[in-house]
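Enquirer: predicted model, plus sequence, below.
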Amino acid sequence: MDRWERMLACAEQHLGDPLLGLHVGQTITARHLGILGPVLLACDNLGAALQRLERYQRLIFDVVPMSQRAGPGWVDVVWDISRYRPGRLVTETGFAVFTQFCRSIVRGVANLSAVEFAHLEPTDIRPYEDFFGCPVKFERPEPVIRVGLDFLASPLKSPDPGLILVLEQHADRLLSQLPQEAEVIEQVRKAIAHLLLEGEPDIGKVSVKLCCSSRTLQRRLRTAGTGFRDELNFVRYQLATSYLRDPGCRSSMLLCSSDTPSTAPSLVRSGSG
């Protein structure tokens, strides 16, 4: 992911294109997505395609997990940046890929309801609103694409119920070959990331979040081949390195270190980087 960000930054500088993410994203087609491309193309409607994208996302992008959150008349597609914050160019390219791909596979008009980025707002947001066709906000808590239920119900151009069964079997085989983290590790890392915002996490606080005793959590982590201190240092390192790449986050961390010294240093304590 860091290499991808550096490549995009180099291209942006070389081309003098501040909207490189939007422009690159518009060039992506189903053939760039491996087996996931045909799987999505064969779905009945956009809602079914998004469900399969969430299920098979690790085949193309496994750094920032995507999930769906339902609301009245819409669904938010949300990316969890609690443990890793991708840079501006990576996020904008990814959102452009998502939008362009959705538009290319549905019949009829395909407009989003809202787009929210976590990075700093550019000087001119009009090109973003023109491309996404909806209100676009920046410096939000999490990256979000909001899709209306009418858009989700849009039929796709080439549904194939018979073919999708064969393609999903192949996708499931590929998914099973990827490295698998124990579920407890993922749960602990996510809890640590949220608790770091409040200060120094300990196993007692994490246990409360996971609704178990500290002893039980220690045992489950040992069974998974790790320990609480190892996971705490891992999350600290991931957050610190991703924050240092983001100018907006660097400024926030400097302010935090002067105003609330007990919080910001927790990211880099215990020799974690």
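Expert: Great, that's in hand.

Enquirer: any idea where the strands of the chain begin and end?
Expert: 66-71, 74-79, 114-116, 136-137, 144-148 (DSSP state E).

Enquirer: pull the CA atoms of the last one into PDB?
Expert: Same thing as strand 144-148. Extracted in PDB, the C-alpha atoms of strand 144-148 (Å, rounded to 0.1, in the frame of the first residue of the first chain):
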ATOM      1  CA  VAL A 144     -18.000   6.700   3.300                       C
ATOM      2  CA  ILE A 145     -19.900   6.300   0.000                       C
ATOM      3  CA  ARG A 146     -23.700   6.600   0.500                       C
ATOM      4  CA  VAL A 147     -25.900   4.700  -2.000                       C
ATOM      5  CA  GLY A 148     -29.600   5.100  -2.200                       C
END
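
Enquirer: now it: buried residues?
Expert: Within strand 144-148, the residues scored as buried using 16 or more other Cβ atoms under 10 Å are 144-148. The C-beta positions use only the backbone N, C-alpha and C, and glycine is treated the same way.

Enquirer: doesn't Cys43 make contact with Pro161?
Expert: No. Assessed by Cβ atoms under 8 Å, Pro161 is found out of contact with Cys43, at 9.0 Å.

Enquirer: more crowded one of those two?
Expert: Higher neighbour count among Pro161 and Cys43: Cys43, with 22 against 9, using other Cβ atoms under 10 Å.

Enquirer: and the residue lying closest to that one once chain neighbours are set aside, how far from Ser113?
Expert: Nearest in space to Cys43, with sequence neighbours left out and distances taken as Cβ to Cβ, 6 or more residues apart in numbering, is Ala49 at 4.2 Å. For Ala49, the distance to Ser113 equals 17 Å [Cβ to Cβ, to the nearest Å].

Enquirer: the two: which is more packed in?
Expert: Ala49 (24 against 20).

Enquirer: is it correct that that one is in contact with Gly37?
Expert: No. Taking Cβ under 8 Å as the definition, Ala49 is not a contact partner of Gly37, at 10.7 Å.

Enquirer: any regions of the chain where pLDDT drops low?
Expert: Along the chain, segments meeting pLDDT under 70 span 180-181, 243, 245-273.

Enquirer: contacting residues around the closest residue to Thr216 other than its chain neighbours?
Expert: Excluding the flanking residues, the one nearest Thr216 by Cβ to Cβ, 6+ apart is Ser207, at 7.5 Å. Applying Cβ atoms under 8 Å, 6 or more residues apart in numbering to Ser207 gives the contacts 213-214, 216-217.

Enquirer: returning to what we had before: Gly225: which of the strands of the chain is closest?
Expert: The closest of the strands of the chain to Gly225 is strand 66-71. By Cβ to Cβ, the value is 26.3 Å.

Enquirer: now do the closest one: everything it contacts.
Expert: 50-51, 53-54, 57, 75-80, 146.

Enquirer: quick one: it to strand 74-79, angle?
Expert: Angle, strand 66-71 to strand 74-79, by axes from the mean of the first three to the mean of the last three Cα atoms, to 10 degrees: 150 degrees.

Enquirer: list the buried residues of strand 66-71.
Expert: Those would be Met66, for strand 66-71 by 16+ other Cβ under 10 Å.

Enquirer: could you shift the numbering so residue one becomes 25, and keep it that way?
Expert: In the new count, where the first residue is 25, that last one comes out as strand 90-95.

Enquirer: using PDB, list the CA coordinates for that strand.
Expert: Extracted in PDB, the C-alpha atoms of strand 90-95 (Å, rounded to 0.1, in the frame of the first residue of the first chain):
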ATOM      1  CA  MET A  90     -15.100  -2.400   3.800                       C
ATOM      2  CA  SER A  91     -18.500  -3.000   5.300                       C
ATOM      3  CA  GLN A  92     -22.100  -1.800   4.800                       C
ATOM      4  CA  ARG A  93     -24.200   0.200   7.200                       C
ATOM      5  CA  ALA A  94     -27.900   0.500   6.500                       C
ATOM      6  CA  GLY A  95     -30.000   3.700   7.100                       C
END
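
Enquirer: give me the sheet partners of that strand and which way each runs.
Expert: Within its sheet, strand 90-95 is paired with strand 98-103 (antiparallel), according to DSSP bridges.

Enquirer: buried sites along the partner strand?
Expert: 98-103.

Enquirer: now do stretch 123-140: distance from first to last residue.
Expert: End-to-end distance for stretch 123-140: 13 Å, by Cα to Cα, to the nearest Å.
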